[in-house]
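*Asks:* Predicted coordinates and the sequence they were generated for:
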Amino acid sequence: MTPAERQRVQALFEAALDRDDGDPAAWVRAQLDEDPAVRDEVLSLLAHHQHAGEFLSTSILERATDLFEPETGLAPGTMRGSYRVIREIGRGGMGCVYLAEDTRLGRHVALKAVAPDLVRDASHRERLRREARAAGALSHPGICTVYALEDLDGETYLASEFVDGATLRDEIAAGVRPAPEQVLATARDIASALAAAHDRGIVHRDLKPENVMRTHDGRIKILDFGLARLDADGTGDESAFVTRAGVIVGTPAYMAPEQLTGKAVDARADVFAFGVLLYEYACGIHPFAAGSPIATMARVLDSQVTPLVDRCPDLPAQVVDVVARCLRKLPEERFGSAREVVGALSRPPADPSRSPSVWWLTHQLAIMLLYVLSAVRGWQVRFWFGTPLTVGIFMFLGVGAAVAGIIRGHLAFTQQFNRRGLGAEWRRLRLPLRLIDLGMATALVADALIQAPWPVSAVWTLALAAALGMAATVLDPATSRAVVDRD
Amino acid sequence: MPVVYNELRRLAAHYMRGERPGQTIQATALVHEVYLRLAGANAPWHDERHFVGIAARAMRQILVDRARARGAAKRWAGLNRVSLVDSLAVAADETIMLPALDEALTRLEAIDPEQARIVELRFFGGLSIDEAAAALGISSGTLKRRWALARAWLHRELAPSL
C-alpha cells in the first residue's frame, strides 16, 4: 500500500468512527468513489476495532506486575549438584538465596541463584566468574567468604559462607536506636572490613543495610561482594552494568551521585554508601528519605543532608564528622577509600576550642573594632583640617563602618543561631563587604596623604588602612571559608 | 548534570502526584530501571516531551525483555488460536503477548512512526490521552482517533483471523 493510500485509509477510518449512526461499516461500503482496496482495508481495520475489546486499553504498567515478582524458588530437599537445599533465606537483586548443605564437605553454605539474564551470554558469565574469583580472594573476618561459582543443572549459583544473624536493616527496622558507643564500634567494624577489600582494589558497589549482617556472637559481616568487580580491571564499560535489562545493580538510595549518573565508580562510591548506611543506622532516618525512589535519587544528586548532629546530638564527634565527609557530592571531597575512614574513626575527636569558628568570631570582632577606629580617625582628621574633602571622607568612613558593622553582626548572629544558613549568607554578602572594606581602606589612605606633613599621625592612619585592606583580602576570606566549609 | 536534576525532579513530582491506581512497588522498580537505563545510555534529552518519549521507549524495552526472559514468546506460540481474539479482548495474559506486540509495533513504526509513538506512550508509558497528546504536540481528539487506528492495526497483526 502506498503512503497516499494509507493516508486515505486513515482518513476514511477516522471519518467512519466519527459517525454516530451505528454502522460505520455500511457507511464505508457506501463510499463508492473510494478505491476498493482502501475500502477493504478500512473494513478490515473496523472489524478488528470492534473486536478489540480491552486490548491495549489499560497501560501494561498496571498489569505487568507479575513481571517484577520473583520466580518461584527451589523446594527444601531439592538437590542441586552436591548441594541439598535446606530452606530459602532471602531474595536479592540477583535471585533467590538458599541455605544449603554442601554434601561433599558437610558444611552449610548460602547458595545464591544467579538470575539467568546475568549469565545470558559468555561475556556476562566471564565477568561474573572474575568477580567471584576476586571476592573469593578476600579473606577477612568481616567479609562473607565466597566459595565457588557453580553451574548446576543449567543454572548458575554462587556458593558462599552461610552467615547466621540479623542484617543491619533488621536492626534499623526494629526502631531501637543503638547506643553511641555501639554506633562507633559498628562503624569501625564495617569500615575495616570494607578497607580490606579496597586495599585489594575491590569495590563493593552495593553496600546497604541489607548487605551487612551481625552474627549472633556480635561480629559484623559484609555480604554480597559477588557484584563487586576489580576496579583495576579498567575496561570502562560501566554502562554494561547499568543498562543490563532486568537487574538493578546497586540500590539507588545508597548510590553515590556519580554512580546514579552512570559515571565511573571507585572505592569512593562505597565510601558514600557507607556514609548513608551509617547515618541511617545511627539515627534511624535515611539521609535522603523522600516520597518516592525517584525523589530520593533527586535528593542524592542535589540536596544537602541535615547534619547528623542536628538529629542525634549525642553521637561521637568522629562519627558525625566522618558521615559528613562521606556524604560529599563530589568524590574527590570524600575519603579516598575505607582505609582513610578507618583512620578518621580511630582519631580522637577534635578539640572544640580549636574549631575555626572561634577564630572566625574573633576576627569578625577585630574587624568591627577596626571600623570604629577608622570612623574615629576620620572624625579627627575632619576636626583638624575641616576641608570639604576631609568632611566627605569622614562621612564615607562613618557610613561604611555602620553598614559593614551591621553586616558582620548579622553574620555573627547567623553563625551562632542558624549555622546552616551561614554559607549562603556569607556568599551573598561577601562582595559588598569586601567593597566597603577596600573603599574604607582607600579613604584612609587619602586621609593619610592629607596628613603627610605630620608623619606620625599619617603613619597611624596608613596602618589602619593597611589593617582594613588585609582583613578584607586575606584574613576574612580565609577564616570565613574555613567555617563555611566545615558546616 | 543540571538537566538531569530538573527532569528527575519533574518526573518525581509526576510520580508523587498521588498514587495512581494499580501503581505498585513493581512500577517503582520499573522507574528505577528506566532511570538507570537513561543514565547509562547517556542520552541527552532536550525537553520534557522528548524525555517522556525516551522514558516510554525504555519502559517498552525493559518490559519486553523481561517478558522474553520469562519465556513469553514460547507461551504465546502455544496459545490457543481459536480463543485468541477473546483473550485479547479481555486483556488476559497480556505479558505473554509482549514480545509479539513488540515485533508488530516495530512493523508499525516502519509504516507510521507517530502511531507507534502513541502506543509507546499510552501502553508502555502509562500516559493518559491528554498527556500523550501533549507529549506529541497534537490535539487530544486527533490522538484519540490515531490511537484507535493503531490499536485496530496491532490487533490485526496479533490476531489476523477474527
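*Replies:* Thanks, I have it. Numbers count the residues shown, from 1 in each chain, chains lettered A, B, ... in the order given.

*Asks:* pretty sure A:T473 is touching A:L435, no?
*Replies:* No. A:T473 lies out of contact with A:L435 (Cβ atoms under 8 Å); the separation is 11.6 Å. To be clear about C-beta, it is placed using only N, CA and C from the backbone, and glycine gets the same treatment.

*Asks:* tally of neighbours for A:R177?
*Replies:* Residues within reach of A:R177, counting by other Cβ atoms under 10 Å in any protein chain shown, total 16.

*Asks:* per-residue confidence for the nearest residue in space to it that is not next to it in sequence?
*Replies:* Closest residue in space to A:R177, ignoring its immediate chain neighbours: A:G284 at 5.9 Å, by Cβ to Cβ, 6 or more residues apart in numbering or on different chains. With respect to pLDDT, A:G284 scores 91.

*Asks:* Please apply the same query to B:E7.
*Replies:* Looking at B:E7, the pLDDT reads 54.

*Asks:* what about the most centrally placed residue in chain B, distance to chain A?
*Replies:* The centroid of chain B falls nearest to B:F124 when counting by Cα atoms, centre = their mean (1.7 Å). Distance of B:F124 to chain A, computed by Cβ to the nearest Cβ, to the nearest Å: 6 Å.

*Asks:* and that residue, what is it in contact with?
*Replies:* Contact analysis of B:F124 by Cβ atoms under 8 Å, 6 or more residues apart in numbering or on different chains lists A:59-61, B:56-57, B:59-60, B:63.

*Asks:* From these, which shows the smallest pLDDT?
*Replies:* Scoring the contacts of B:F124 by pLDDT puts A:L61 last, at 70.

*Asks:* nearest spatial neighbour of it, skipping sequence neighbours?
*Replies:* Per Cβ to Cβ, 6+ apart, closest to A:L61 is B:G126, 4.1 Å.

*Asks:* How about the secondary structure of the one you found?
*Replies:* Following DSSP: H, G, I helix; E, B strand; the rest coil, we place B:G126 in the coil state.

*Asks:* pretty sure A:Y281 contacts A:I172?
*Replies:* Yes. Using Cβ under 8 Å, A:Y281 makes contact with A:I172 at a distance of 6.0 Å.

*Asks:* Need the residues touching each of these two.
*Replies:* Counting by Cβ under 8 Å, 6+ apart, the contacts common to A:Y281 and A:I172 are A:P209.

*Asks:* Output the strand or helix carrying A:A134 as CSV, nothing but the C-alphas.
*Replies:* Following DSSP states H and E, one finds A:A134 within helix A:122-136. Extracted in CSV, the C-alpha atoms of helix A:122-136 (Å, rounded to 0.1, in the frame of the first residue of the first chain):
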residue,chain,number,x,y,z
ALA,A,122,29.6,-15.6,27.6
SER,A,123,30.8,-12.1,28.4
HIS,A,124,28.4,-11.8,31.4
ARG,A,125,29.4,-15.2,32.5
GLU,A,126,33.1,-14.4,32.3
ARG,A,127,32.6,-11.2,34.2
LEU,A,128,30.7,-12.9,37.0
ARG,A,129,33.4,-15.5,37.2
ARG,A,130,36.0,-12.8,37.5
GLU,A,131,34.0,-11.1,40.2
ALA,A,132,33.5,-14.4,42.1
ARG,A,133,37.3,-15.1,41.9
ALA,A,134,38.1,-11.6,43.1
ALA,A,135,35.6,-11.9,46.0
GLY,A,136,36.9,-15.4,46.8
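
*Asks:* which residues of chain A fall in strands?
*Replies:* Assigned by DSSP state E, the strands in chain A fall at A:79-80, A:83-91, A:96-102, A:107-113, A:146-152, A:155-161, A:165-167, A:202-203, A:212-215, A:220-222, A:229-230.
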